[in-house]
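J.: Structure, please.
(2 chains)
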2 protein chains.
Amino acid sequence: MKIETKVEKFTEPLHLESGRILEEFELIYETYGELNEDKSNVIVICHALAGSHHVAGRYADEAKPGWWDKFIGDGKTIDTTKYFVICSNNLGSTFGSTNPLSIDPSTKKEYRLKFPVLAISDVVKAQMRLYDRLGIKNAFAVIGGSMGGMQTLCYAIEHPTFAKHYLAMATTAYTRPWAIAINKLAIESIRHDPIFKNGFYKKDDLEASGLPGLAIGRMAGLIAYLSPGLFNRKFGRDYASTDGLYELFGRFEVEKYLEYNAYSFPKIFDPLSYLYICKTMNIFDAGRNKDKLADSFDKVQGKLHLISFSDDMLFFPEEMEEIRDIMIELGKEKQVTYKMIDSKCGHDSFLVEVEKFKDYVSEILKD
Amino acid sequence: MKIETKVEKFTEPLHLESGRILEEFELIYETYGELNEDKSNVIVICHALAGSHHVAGRYADEAKPGWWDKFIGDGKTIDTTKYFVICSNNLGSTFGSTNPLSIDPSTKKEYRLKFPVLAISDVVKAQMRLYDRLGIKNAFAVIGGSMGGMQTLCYAIEHPTFAKHYLAMATTAYTRPWAIAINKLAIESIRHDPIFKNGFYKKDDLEASGLPGLAIGRMAGLIAYLSPGLFNRKFGRDYASTDGLYELFGRFEVEKYLEYNAYSFPKIFDPLSYLYICKTMNIFDAGRNKDKLADSFDKVQGKLHLISFSDDMLFFPEEMEEIRDIMIELGKEKQVTYKMIDSKCGHDSFLVEVEKFKDYVSEILKD
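T.: Numbering: from 1, shown residues only, chains lettered A, B, ... in the order given. So this is what the prediction gives:
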């Protein structure tokens, strides 16, 4: 599989939903497979909160492959011998696209808290610029889960002729207060970390292990992305060490897991970027500026495919069923498919339980 | 209704489950109504993590009454014209019973991190001392929800002839990793707060608003104690102020609610006490030291009443159904009742949806 990672710089201003303007921006993106002659074999992948453009394959120095490697590759469900797959790092994210630590051309300093709040629409609009640059006018499919699913819904509504298929998994048409509350734990934990200094932290202070406040915020996410049942099966009440029971800080296995995964996270993720992305997710509402949500979905022209996961504790199946119902009420029953996967890994099932939906995806994307 | 608040000091050592000894301890407790002549009208109430001995009635300077005032009082479900109700502040808690900030008689200094880890059994054993002091040999009922329900189960198993009825709500026979994970957010958030100083914080540093790390831990609890449905109904996607949408820290109503309730909490609750109580909950396992959980419930001699709440996101109905099933398998079907309440307020339903279970409780406790 041919993998390429590139950066494109855009110097035409990007007018944001907020009314603010990004005078210039960069997107880092990765592609898999080869673009065919008439540029008709494109599949766009949209990544989630902490994801990146590195979707599949493995770099020489990597222990783990890209985050959806089970799903995408030569001969896999999203077959890179057939399709040209592209994923950009979301605007605002920490892995190489323009974000709050980028240089504001008007001040020649890092934006920090002067970075504009981005809507999902803005993130998608920036990506459309990239396709334009690459001469790509249409995609066969746009696919994403979680925040990537929000982008997918946004593509379906706001760029209705861009793709034939829009496949959104484990997501919602509008972020509900439960998910906002979980993001709130991260926001508060980052803000109140004294090293954060209202966004003016010194990078040197972060170098060793990043911002502890971000780790705790991430821990809240790690809990919400899994499920009680998975925790029971994975950890039970086992102790990480035998002296745990009557030691105040004696650790259960589940605590060890959370510590390991939470405290390693700030080494790779910037806290300002995390704050901005939480905000982008929180304000997502496909029905904004409309009388009702149906007015937005009435714009859909492609096929909208929805997959939910039964034990998703972040975006519940009912949230995706609401979209399906709206499509049916609009008389678009031939343009919508919906399936709830009987999942065991909570919200993260879209990443880890690929076996359970890959055949179904092959079926719905077969033409 | 006659309300009395008293403190009793116990100087006989309390041998703890850990093997450690509390040389002396105090319990603050509150009583409602009058103890009858043969001391046969006692109902014991056990409180939850952040609860206190102040269960019912209203002090002169109080805006809100005690935490179960809807349930307990003259002419209420737990009728204080008939019963003598008693609730002690749990050992280790912050409201007046011996806790990590109490003076260790062996050093004449505060225990701080030298305070022993307490098991639910220890908390209950201390309470049994109190009843002994008051000449109370038996109770008509022991009632509690959440961590109070753990105590109730412990009473039923370890003090099986003490009460006639044991009513446990919204609780579990053993704390599962999901609940441990939620407590973990508080533990990490407290430990990593620089003011905490590994338990040697100066009380003056806390005076203004308490420990922010505790507030964030509490916020995690506030989310887990409610439910997605309640959040939808209560907050929707409303903003607390109109300039919220594109302001990075613009607040949704749900965020305002969480901030208010979380940041007011450390003013009344000590972080060390919170850490110790989280640990006490985390290590609760009614089946510990037994081959299987059923061996513990085989000891039950009274009537064990179980109430779960359908949208409880902390201790799920299945956890209480497991206890019911064990009782039935043990041939104790006449000693167990179980009801799942169709609730709308999550875990906290046991506190706020009293209307939905009060008649049922009257029925099961009628003789």
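J.: what sits against A:Ser308?
T.: By Cβ atoms under 8 Å, 6 or more residues apart in numbering or on different chains, the residues touching A:Ser308 are A:169-170, A:315-317, A:319-321, A:338-341. The C-beta positions use only the backbone N, C-alpha and C, and glycine is treated the same way.
J.: Closest one to chain B out of these, please.
T.: The closest of those to chain B turns out to be A:Phe316 (Cβ to the nearest Cβ; 6.4 Å).
J.: For the residue in the stretch 1-150 of chain A positioned nearest to chain B, give me the backbone phi and psi.
T.: Closest contact between the stretch 1-150 of chain A and chain B, by Cβ to the nearest Cβ, is at A:Ser18 (3.7 Å). Backbone geometry at A:Ser18, expressed as degrees, to the nearest 10, gives phi -70, psi -10.
J.: what residues are up against the residue in the stretch 251-367 of chain A positioned nearest to chain B?
T.: Chain B sits closest to A:Val254 of the stretch 251-367 of chain A, with a gap of 3.8 Å, by Cβ to the nearest Cβ. Contacts for A:Val254 were tallied using Cβ under 8 Å, 6+ apart; they are A:231, A:234-235, B:177, B:180-181, B:184.
J.: Make a ChimeraX selection of the buried ones in the contacts of A:Ser308.
T.: Typed into ChimeraX, the line below selects the buried ones among the contacts of A:Ser308, using 16 or more other Cβ atoms under 10 Å in any protein chain shown:
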select /A:169,170,315,316,317,319,320,338,339,341
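J.: where do the strands sit along the stretch 1-150 of chain A?
T.: Under the criterion DSSP state E, counting those that start in this stretch, the stretch 1-150 of chain A contains strands at A:3-10, A:14-15, A:21-22, A:25-32, A:42-46, A:72-73, A:78-79, A:84-88, A:103-104, A:109-110, A:139-145.
J.: and the fourth one, what does it pack onto?
T.: Meaning strand A:25-32. Helices and strands touching strand A:25-32, by 3 or more Cβ pairs under 8 Å, 6 or more residues apart in numbering or on different chains; DSSP states H and E, are strand A:3-10, strand A:84-88, helix A:120-133.
J.: Distance to chain B, mean pLDDT and mean neighbour count added to the ones you listed, as TSV?
T.: Shown next, in TSV, are these (distance: least, Cβ to the nearest Cβ, whole Å; pLDDT from 0 to 100; neighbours: other Cβ atoms under 10 Å in any protein chain shown):
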stretch	distance to chain B	mean pLDDT	mean neighbour count
strand A:3-10	21	97	14
strand A:84-88	23	98	26
helix A:120-133	11	98	20
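J.: In contact with the residue of the stretch 1-150 of chain A closest to chain B, which residues?
T.: A:116-117, A:119, B:245-246 are the contacts of A:Ser18 under Cβ under 8 Å, 6+ apart.
J.: same question, A:Lys9
T.: A:Lys9 neighbours (Cβ under 8 Å, 6+ apart): A:24-26.
J.: thinking again about what came up before, just flag the most distant two among the contacts of A:Ser18.
T.: Distance extremes for the contacts of A:Ser18: the farthest pair is A:Pro116 and B:Leu245 at 12.1 Å, using Cβ to Cβ.
J.: No further queries at this time; thank you.
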